[in-house]
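*Asks:* requesting a structural model of the entry that follows:
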Amino acid sequence: MSDYLLKATAYAGDVRAYAIRSTDTVEEARQRQDTWATASAAMGRTLSISTMLGAMLKGDDKLTVKVEGNGPMGAIITDANAKGEVRGYVGNPHVDFESNEHGKLDVRRAVGTEGTLSIVKDLGLKNHFTGQVPIVSGEISEDFTYYLANSEQVPSAVGAGVLVNPDHSILAAGGFIVQMLPGASEDTIARIEENIANVPPISKLIQDGKLPEEILGLLLGEDKVKIHERLPVQFSCPCSKERLETAIQSLGNEEIDAMIREDHGATASCHFCNEIYKFSIDELRALKTE
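*Replies:* Below is the predicted model of the structure:
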C-alpha cells in the first residue's frame, strides 16, 4: 500500500482533521540519511506532521519546519508542499538510546527539551510567514500541538508515531491532526478528547493495517467523518545538477577558478537526499561568465 493522507471534516464542519500513512516516505528518508532508530523516530514524526501541515496549503505554496533542540541529534529540517511532497534531514543521524520508561524510543532525549520549533511558509507573497515557539517536551507531537495553539491560534491535537525494526528499517509510520474550529461546541470537544485518549498509538494502528480512513473514524466517530481529499504522499527532493550549476555560477569567476586550480573540479551533495553531483574542470570552465 502506498502512502497517502486524508483531509476531512466532522461535526457539521466544526472540526477539521488530517490523517496520514507515511511508512514508505519515512523509510526512504531513513535510507538517504542513514538514521539510527531514535533519530529515525524523531525525523519520521516531524516528516509526517510536516506533510499534513503542507497539505493545508494551496497551489505552489510550501513550508519549512525546523526543530532545533539541545539534544545530541541537532536540528531536524523538513520541507513540505501542498502536493504531498516532503523531504527532511537531521544534524546527527547516528543517535540511538535504550528505550525510555514507557518502553518507547527516547525521542525526547535525542531532540532535547530546550530550543525552538519554527515554521516558515512561502505563500508566494513578498514576505514569508514565520512562526516560532519554544520546545515544550521534545516529543515532537506535543511541540507541534503547542505551536498550532499559540502561533496560529488553532486549538489542535497532533499525534505522530514511528515503529522501527531491529535492522533500523521503518516498520510503521503515520500521524493525525485534529483541529477545533470556532463553531465547535464543548460537547464536541469533550467527545473528541475522549476518543483521542482511548485510541491506541498511531504507529500501532498503522502496523495493524488500519487505513487513514479508519483512524479518522476512531478519532472522530464512525458516522461523523466527511472525506474531502485523498492525497498521495512521497519523499521528493527537487535538487538537480542544473540547480547546483546556478549556485556555482553565482559564486563568481574567481571562486570557480580556485575550484579548478586547487581541487581540479568540484563535488557537491544535497543535505536532504544525499545525492552527489560532480563537476569536471571543463564543466566548471563552462560556468564562468563573461
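
*Asks:* shouldn't Glu213 be within a strand?
*Replies:* No - per DSSP: H, G, I helix; E, B strand; the rest coil, Glu213 lies outside any strand segment and is helix.

*Asks:* nearest residue to it other than its sequence neighbours?
*Replies:* Distances taken as CB to CB, 6 or more residues apart in numbering put Leu6 closest to Glu213, at 6.5 Å, once the chain neighbours are dropped. All C-beta atoms are positioned from the backbone trio N, CA, C, and that covers glycine.

*Asks:* my read: the one you found touches Glu214, true?
*Replies:* No - contact criterion CB atoms under 8 Å: Leu6 and Glu214 do not qualify, at 10.4 Å.

*Asks:* beta partners of Arg120?
*Replies:* Slight slip there: residue 120 is Val, not Arg. Beta bridges link Val120 to Thr64, Thr130, judged by DSSP bridges.

*Asks:* so who does it touch?
*Replies:* Neighbouring residues of Val120 by CB atoms under 8 Å, 6 or more residues apart in numbering: Leu63, Thr64, Lys66, His128, Phe129, Thr130.

*Asks:* against Met43, how distant is it?
*Replies:* 18 Å (CB to CB, to the nearest Å).

*Asks:* what about the strands in the stretch 51-200 of the chain?
*Replies:* With strands called from DSSP state E, counting those that start in this stretch, the stretch 51-200 of the chain shows them at 62-69, 76-81, 85-90, 115-122, 129-134, 156-164, 170-180.

*Asks:* may I see the buried residues of stretch 95-113?
*Replies:* Buried residues in stretch 95-113, counted by 16 or more other CB atoms under 10 Å: 95-97, 104-113.

*Asks:* whoops, I mixed them up, stretch 208-228
*Replies:* Lys210, Leu211, Pro212, Ile215, Leu216, Gly217, Leu218, Leu219, Leu220, Gly221, Lys224, Val225.

*Asks:* on that earlier part again, and the residue nearest to Glu213, how many neighbours?
*Replies:* A count of neighbours around Leu6, defined by other CB atoms under 10 Å, yields 23.

*Asks:* who's it bridged to?
*Replies:* Assessed by DSSP bridges, Leu6 has beta-bridge partners Ala19, Arg230.

*Asks:* contacting residues around it?
*Replies:* Contacts for Leu6 (CB under 8 Å, 6+ apart) come out as Tyr18, Ala19, Ile20, Pro212, Glu213, Leu216, Ile227, Glu229, Arg230, Leu231.

*Asks:* ok, now Ser280?
*Replies:* Applying CB under 8 Å, 6+ apart to Ser280 gives the contacts Gly265.

*Asks:* before we move on, back to that, check the buried residues of stretch 95-113 and tell me the two furthest apart.
*Replies:* Longest distance between any two of the buried residues of stretch 95-113 is 18.3 Å, between Asp96 and Thr113; criterion CB to CB.

*Asks:* what about the closest residue in space to Lys278 that isn't next to it in sequence, how many residues nearby?
*Replies:* Take Lys278 and drop its neighbours on the chain: the residue closest to it by CB to CB, 6+ apart is Thr267, 5.2 Å away. Using other CB under 10 Å, Thr267 has 10 other residues around it.

*Asks:* you'd agree Thr267 is up against Glu275?
*Replies:* No - because the distance of 11.4 Å does not satisfy CB under 8 Å, Thr267 is recorded as not touching Glu275.

*Asks:* which strand or helix spans the residue positioned nearest the centre of the chain?
*Replies:* Centroid check for the chain by CA atoms, centre = their mean gives Leu47 as the closest residue, at 2.0 Å. Leu47 belongs to helix 37-54 when elements are defined using DSSP states H and E.

*Asks:* got it, and Gly217?
*Replies:* For Gly217, the element it lies in under DSSP H and E is helix 212-220.

*Asks:* looking at it, Glu27 is touching Ser169, isn't it?
*Replies:* Yes - if you go by CB under 8 Å, Glu27 and Ser169 touch, sitting 6.2 Å apart.

*Asks:* good, we can wrap up now.
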